[in-house]
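Trainee: please find the sequence and the predicted model below.
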Amino acid sequence: EAGVTQFPSHSVIEKGQTVTLRCDPISGHDNLYWYRRVMGKEIKFLLHFVKESKQDESGMPNNRFLAERTGGTYSTLKVQPAELEDSGVYFCAGSGTGGGTQYFGPGTRLTVL
Amino acid sequence: GEDVEQSLFLSVREGDSSVINCTYTDSSSTYLYWYKQEPGAGLQLLTYIFSNMDMKQDQRLTVLLNKKDKHLSLRIADTQTGDSAIYFCAEGISGGYNKLIFGAGTRLAVHP
């Protein structure tokens, strides 16, 4: 069984540009989460999908961030326009119906110059 | 608010035991987790403990939970160089589909 995959593994962009991160959770995992770790600090929750619906987006920093999960399978997280403080590692995780153990992807390291 | 605190760095000699400590604030947590991140890799679930348990042992890993003090620890027996990694403590927030609140991670360095 394939694990959680994220693409790209690294992205370097300039301030003001747009970047889209993708996450493919384990097949059948209805719950999908996005987290972010900035500059060696704690990993912070961004948002949570149940299938295609946003269940909790209380951790989204601002309206420059847009997450989608059309069809309830993979998810994208778009940052537009990117700012310097958006640099960090973005993790995606998934879990089965009802919650439970979250399985994490390898993360996407985003650097905004 | 929800907060998880960990010490940032721990250095141990190979073969010794490592103890990584964590404190949390949300008393409604249902599960508490330990994740491991090796260099260049994602987060790997190491172990977890249900909030009504005091202790859980899994091979070289022992998790102790003091719910009264909101203190969680991870003990690694016979620490090996392959245990060098960042260890994250996380609490699962009940009522939030187990949204995880993480600490900043403890970097464990194992030296000969």
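Mentor: Sure, I can see it. Residues are numbered from 1 along each chain as shown, chains lettered A, B, ... in the order given.
Trainee: which parts of the chain are strands?
Mentor: Since you didn't name a chain, this refers to chain A. Assigned by DSSP state E, chain A shows strands spanning A:5-7, A:10-13, A:19-24, A:31-37, A:43-50, A:53-56, A:65-68, A:75-79, A:88-95, A:103-104, A:108-112.
Trainee: hmm, I had chain B in mind actually
Mentor: Under DSSP E, chain B gives strands at B:4-6, B:9-13, B:18-24, B:31-37, B:43-50, B:55-58, B:61-66, B:71-76, B:85-93, B:99-102, B:106-111.
Trainee: output the contacting helices and strands for the fourth one.
Mentor: When contacts are defined as 3 or more C-beta pairs under 8 Å, 6 or more residues apart in numbering or on different chains; DSSP states H and E, strand B:31-37 packs onto strand B:18-24, strand B:43-50, strand B:61-66, strand B:85-93. In this view, the C-beta of every residue, glycine as well, is placed from N, C-alpha and C.
Trainee: next, the buried residues of the second one.
Mentor: For strand B:43-50, a neighbour-count test (16 or more other C-beta atoms under 10 Å in any protein chain shown) marks B:L43, B:L46, B:T47, B:Y48, B:I49 as buried.
Trainee: what's the most distant pair in those?
Mentor: Comparing all pairs in these by C-beta to C-beta, the longest separation belongs to B:L43 and B:I49, at 17.2 Å.
Trainee: which of the strands of chain B sits closest to A:F65?
Mentor: Shortest separation from A:F65 across those is recorded for strand B:99-102, at 16.9 Å, computed as C-beta to C-beta.
Trainee: contacts for the closest one, please.
Mentor: With contact meaning C-beta atoms under 8 Å, 6 or more residues apart in numbering or on different chains, strand B:99-102 is reached by A:33, A:35, A:42-45, A:48, A:56, A:93, A:102, B:2-4, B:24, B:26, B:33, B:35, B:88-93.
Trainee: just the buried members of these?
Mentor: Buried members of the contacts of strand B:99-102, counted by 16+ other C-beta under 10 Å: A:33, A:35, A:42-45, A:48, A:56, A:93, A:102, B:4, B:24, B:26, B:33, B:35, B:88-93.
Trainee: for the nearest residue to A:Q55 once chain neighbours are set aside, give the beta-bridge partners.
Mentor: Distances taken as C-beta to C-beta, 6 or more residues apart in numbering or on different chains place A:H48 nearest to A:Q55, at 4.7 Å, with adjacent residues excluded. The bridge-partner assignment for A:H48, based on DSSP bridges, gives A:Y33, A:D56.
Trainee: get me the contact residues on chain A for chain B.
Mentor: Within chain A, the positions lying close to chain B (C-beta under 8 Å from any C-beta of the partner chain) are A:4, A:31, A:33, A:35, A:40-45, A:48, A:50, A:55-56, A:91, A:93, A:95, A:99-107.
Trainee: surely the residue nearest to A:Q55 and A:P25 touch.
Mentor: No. Proximity of A:H48 to A:P25 does not meet the contact threshold set by C-beta atoms under 8 Å, at 12.0 Å.
Trainee: name the residues contacting each of these two.
Mentor: Counting by C-beta under 8 Å, 6+ apart, the residues touching both A:H48 and A:P25 are A:L32.
Trainee: spatially central residue in chain A, please.
Mentor: Nearest to the geometric centre of chain A sits A:W34, at 3.6 Å (C-alpha atoms, centre = their mean).
Trainee: residue contacts, the nearest residue to it once chain neighbours are set aside?
Mentor: Closest residue to A:W34 apart from its sequence neighbours, by C-beta to C-beta, 6+ apart: A:L46 at 4.1 Å. Counting by C-beta under 8 Å, 6+ apart, A:L46 makes contact with A:Y33, A:W34, A:Y35, A:R36, A:E57, A:G59, A:M60, A:P61, A:F65, A:A67, A:L77, A:Y90.
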